[in-house]
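>>> Make a model of this:
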Amino acid sequence: MIRDVSGVKKARDLEAELNDRKVDLIKADLDAAYTFASIACQANDGNKRMRNRKNARKGYDTVLHFLTTAKLTQGEAAEIDKGIARLKQALVELGEISPH
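Sure, this is the predicted structure:
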C-alpha cells in the first residue's frame, strides 16, 4: 500500500499556516483593542468614550475566543499575556470589566 505522504505534509503545512495567521490576528486585535481603550480613556465626549470602550471590549473578547484554539510559542504567549494584561487594566479603568 502506497501512502500519500505529500497530502499529509500539505495538511500539516496548512494547519501551521492557519495557526500563524490566527496568532497574527490575536496580536492585531490586541493592538486595535488597546487603541480603542486609549481613545476611550482620553475622550471627553460621552458617546465617543462609550463607542470606543465597547470596541475595546469586543476586541478583548475576540482575543480570548481565538486563544482557546491557538498554539503559541513561549515567546508569543508571553507577548500576548502582556498585551492582555495591559488591555484588561485599561478596561478596568473604563469600568468595562471588574478587576478580578
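
>>> and the lengthiest helix in the chain, what does it pack onto?
When the chain is scanned for its longest helix (criterion: DSSP state H), the result is helix 5-42. Applying 3 or more Cβ pairs under 8 Å, 6 or more residues apart in numbering; DSSP states H and E, one finds that helix 5-42 contacts helix 46-67, helix 74-93. Where C-beta positions appear, they are placed from N, C-alpha and C, glycine not excepted.

>>> Please tell me how far the helix or strand of the chain with the lowest mean pLDDT is from the chain's geometric centre.
Every helix and strand in the chain was compared by mean pLDDT, DSSP states H and E; the lowest is helix 5-42, with a mean of 93. Taking Cα atoms, centre = their mean, to the nearest Å, one finds the center of helix 5-42 at 8 Å from the center of the full chain.

>>> could you give the angle of it to helix 46-67?
Angle, helix 5-42 to helix 46-67, by axes from the mean of the first three to the mean of the last three Cα atoms, to 10 degrees: 160 degrees.
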